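> For reference, the sequence and a predicted model appear below.
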Amino acid sequence: MLPSAVWTPAEEIALLDFLVDNKAKAGNSGNFRKTTFQRALESISHLCQRGAVKNVKSCQNKWAMFRKIYCVVSAIQEVSGSVWDDETGASITPHT
């Protein structure tokens with residue numbers, strides 16, 4: 001089995017920053033072309049520290065995961081009585 005890409009928080013932030021800066025290149029569905037992910041890889045390559053070398057597919061997978069998380073957070077925010085804070089998340093603790 002091939003080693004998988006390991007993303008550090010710095011790499012994730014850099015990927016998201018790059019995609020936000022290039023959001024005009026995303027289609028109406030919010031998907032980017034392979035060339036955009038290739039350019040993203042080039043822009044974050046200096047941050048890569050662990051795991052397999054990241055490729056276009058690993059960037060696409062990471063972007064898909066972030067989109068899923070965004071959809072979940074958006075759904076939580078829309079539910080009446082639910083709270084979401086970017087610092088504390090849903091503020092769910094063992095005592096709530």
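Arrived safely. Numbers count the residues shown, from 1 in each chain.
> can we go C-alpha only for contacts and neighbour counts from here?
Fine.
> Tell me the gap between stretch 4-11 and the middle of its chain.
Remark: stretch 4-11 is offset 11 Å from the chain centroid, using C-alpha atoms, centre = their mean, to the nearest Å.
> Just the endpoints, please. Distance across it?
One end of stretch 4-11 sits 15 Å from the other (C-alpha to C-alpha, to the nearest Å).
> Would you mark the buried spots in that stretch?
Buried residues in stretch 4-11, defined by neighbour count with 16 or more other C-alpha atoms under 10 Å: 5, 7, 11.
> mind listing which of those are in helices?
Glu11 (DSSP state H).
> Confidence-wise, which of the buried residues of stretch 4-11 comes last?
Lowest pLDDT among those: Ala5, with 83.
> Check which residues of the worst-scoring helix or strand of the chain on mean pLDDT are buried.
Lowest on mean pLDDT, DSSP states H and E among the helices and strands of the chain sits helix 56-78, with a mean of 90. Judged by neighbour count (16+ other C-alpha under 10 Å), helix 56-78 contains these buried residues: 56, 58-60, 62-63, 73.
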